[in-house]
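Engineer: mind looking at a prediction? Sequence and model below.
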Amino acid sequence: MTVRPSRYSAVAITLHWLIAVAILSMIPVGWWMSDAITEPGSQALAYRVFQIHKSVGFLILALTVLRIVWRLTHPVPALPGAMKGWEQFAARATHLAFYALMLALPLTGWVYVSTGWAVATDTPLAVASSWFGLFAVPHLPFIEHASEAVRRATAWMAMGAHSKLAWAAIILVAMHVGAALKHQFLDRDGVLSHMIPILPHGEAAHAPAPEPTPAVRWAERLAGVAFVVVIGAAFGLAAKPAPTGQGEAVASAPAAAPAADAPVAPGTAAAWTVDQAASAIVFSGTHTGKAFTGGFEQWEAQIWFDPADLTGSKAVVTVQTGTARTGDATQEGSLSGGEWFDPTTYPTARFEATRFKALGGSRYEAAGTLRIKTTTIPVVLPFTFDEANGTATVAGKLELDRTALNLGMMSDAGGDWVSKAIGVEIKVKAARAG
């Protein structure tokens with residue numbers, strides 16, 4: 001026979017209050033950001049709050065799994081024997097409903113963000129997920145890779161269920177708190193002391209209720225889980241919009257296989273060997289009104305350049321787009337998405353300069369092409385070139401229009417989230433080869 005403790009364990013108590021505070025704080029935040037995300041004045045803050053909201057949601061999911069494992073492996077205090085049968089049934093069913101709710105709330109949120117669809121604007125919005133910006137959290141692949149129509153419908157259902165489950169949480173919390181106060185101040189049976197150790201045991205704390213039969217246990221489980229499932233499913237289905245087509249984006253064409261780059265024919269000018277440790281390719285812009293800066297960890301350059309032989313000068317730079325880093329896991333995950341660099345399909349970007357022009361002094365201009373994924377555009381890069389003792393220092397800047405490069409156009413064609421203008425800066429240190 002299992003010996004029942006007089007109180008919950010310290011681990012169970014800690015998990016209970018951590019999850020409770022997290023859920024109760026998330027509900028008003030979720031309501032606020034759902035409205036604020038559509039207002040220009042609060043959009044930037046709402047976006048950042050949304051990322052925190054997702055992170056706390058994943059934390060709740062992890063803590064809930066831990067709590068369920070702990071609950072299944074550790075005995076809990078028995079209910080007072082003075083409780084009526086229906087009260088015992090309701091108490092156990094409510095506890096099970098809480099467990100189901102603590103799983104359903106973050107899971108429906110995970111489903112929603114995996115769709116890459118913004119219900120507030122009824123448009124695509126592919127944003128990666130991360131845990132407090134520290135590491136990426138993958139989206140659910142069976143949703144993320146579904147058709148646009150399926151993702152849109154799923155987004156509306158998931159958000160409908162998610163928001164109404166928040167109301168279910170409020171109802172359950174009100175019932176739970178009301179019952180706890182009744183036990184503490186009317187019945188005086190010490191039930192509340194099970195979860196708040198500083199409270200004294202009640203008079204009836206040592207008169208445990210008999211264990212329910214297996215049939216009753218299954219009925220309690222079904223009642224608790226059914227409450228959450230019915231609430232979520234009913235309101236999720238009711239929230240699905242009619243397929244009017246309004247707000248839907250044009251589906252993107254299937255990805256084309258990346259064409260192989262032509263072999264690089266060397267220029268006749270002097271060849272240079274790049275010092276990768278002292279060189280960098282940096283990009284910058286604004287995201288939700290806030291400036292960001294990033295760079296590529298892996299790239300290589302083949303350079304032939306001589307101010308006295310500009311016609312024989314040439315440069316080819318190949319960038320591993322999957323190594324784009326900004327220091328923010330959410331931004332980095334989004335850059336690796338299909339709307340942006342899509343490095344799984346198109347692992348490299350390529351800049352090739354074939355025409356050089358002197359602008360006076362140490363200033364020059366390189367004209368060529370930039371290819372990202374299947375889009376190639378003409379590019380002119382102004383730069384400075386200074387050489388001393390066989391070592392060259394090169395610095396250049398240009399501005400790219402991500403619209404022309406078809407980057408992020410499904411989710412943010414208007415530049416409401418990410419600036420259309422993206423600055424690129426190169427810093428190269430190189431030595432004459434040979």
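Structural biologist: Sure, I can see it.
Engineer: centre of the protein to the edge, which residue is at the far end?
Structural biologist: residue 308 (51.1 Å; Cα atoms, centre = their mean).
Engineer: for residue 268, see how far away it is.
Structural biologist: Distance, residue 308 to residue 268, using Cβ to Cβ, to the nearest Å: 11 Å. Glycine gets a C-beta too; all of them are placed from N, C-alpha and C.
Engineer: overlap in contacts, these two.
Structural biologist: Counting by Cβ atoms under 8 Å, 6 or more residues apart in numbering, residue 308 and residue 268 have no common neighbour.
Engineer: does the closest residue to residue 280 other than its chain neighbours sit in a helix, a strand or a coil?
Structural biologist: Closest residue in space to residue 280, ignoring its immediate chain neighbours: residue 427 at 4.9 Å, by Cβ to Cβ, 6 or more residues apart in numbering. Three-state call for residue 427 (DSSP: H, G, I helix; E, B strand; the rest coil): strand.
Engineer: surely residue 427 meets residue 276?
Structural biologist: No - contact criterion Cβ atoms under 8 Å: residue 427 and residue 276 do not qualify, at 11.4 Å.
Engineer: now the helix or strand that contains residue 410: average pLDDT?
Structural biologist: Assigned by DSSP states H and E, residue 410 belongs to helix 409-412. Across helix 409-412, pLDDT averages out at 90.
Engineer: elements contacting it?
Structural biologist: If contacts are counted by 3 or more Cβ pairs under 8 Å, 6 or more residues apart in numbering; DSSP states H and E, helix 409-412 sits against strand 123-124.
Engineer: what's whatever helix or strand comes next after the strand it packs on in contact with?
Structural biologist: Using DSSP H and E, the next helix or strand after strand 123-124 towards the C-terminus is strand 129-131. Contact with strand 129-131 is made by 51, 54-55, 58-59, 113, 136-139, 328-330, 333, as judged by Cβ under 8 Å, 6+ apart.
Engineer: where along the stretch 251-400 of the chain do the strands fall?
Structural biologist: Using DSSP state E, counting those that start in this stretch, the strands of the stretch 251-400 of the chain run over residues 271-274, 280-287, 290-296, 299-304, 314-320, 324-325, 348-360, 363-372, 375-388, 391-401.
Engineer: ok, the fourth one: who's next to it in the sheet?
Structural biologist: Strand pairing for strand 299-304, determined by DSSP bridges: strand 271-274 (antiparallel), strand 314-320 (antiparallel).
Engineer: and of the ones you listed, who's closest to residue 282?
Structural biologist: Of all these, strand 314-320 sits nearest to residue 282, with 11.8 Å by Cβ to Cβ.
Engineer: who touches the closest one?
Structural biologist: So strand 314-320 is in contact with 261, 264-267, 269, 281, 296-305, 343, 347-354, 366, 368, going by Cβ under 8 Å, 6+ apart.
Engineer: which of the residues you listed are buried?
Structural biologist: The neighbour count (16 or more other Cβ atoms under 10 Å) marks 267, 269, 281, 296, 299, 301-305, 343, 348-353, 366, 368 as buried among the contacts of strand 314-320.
Engineer: output the below-cut-off pLDDT ranges for the stretch 101-250 of the chain.
Structural biologist: 200-213, 216-221, 223-250 (pLDDT under 70).
Engineer: contacts only, for the closest residue in space to residue 370 that isn't next to it in sequence.
Structural biologist: Nearest residue to residue 370, sequence neighbours excluded (Cβ to Cβ, 6+ apart): residue 379, at 4.5 Å. Neighbouring residues of residue 379 by Cβ under 8 Å, 6+ apart: 351, 367, 368, 369, 370, 398, 400.
Engineer: the closest residue to residue 275 other than its chain neighbours bridge partners, please.
Structural biologist: Once flanking residues are discounted, residue 275 sits nearest to residue 429: 4.5 Å by Cβ to Cβ, 6+ apart. Counting by DSSP bridges, residue 429 is bridged to residue 393.
Engineer: isn't residue 429 up against residue 278?
Structural biologist: Yes - using Cβ under 8 Å, residue 429 is in contact with residue 278, at 4.0 Å.
Engineer: quick one: which of the two has more around it?
Structural biologist: Between residue 429 and residue 278, counted using other Cβ atoms under 10 Å, the more crowded position is residue 429 (17 against 12).
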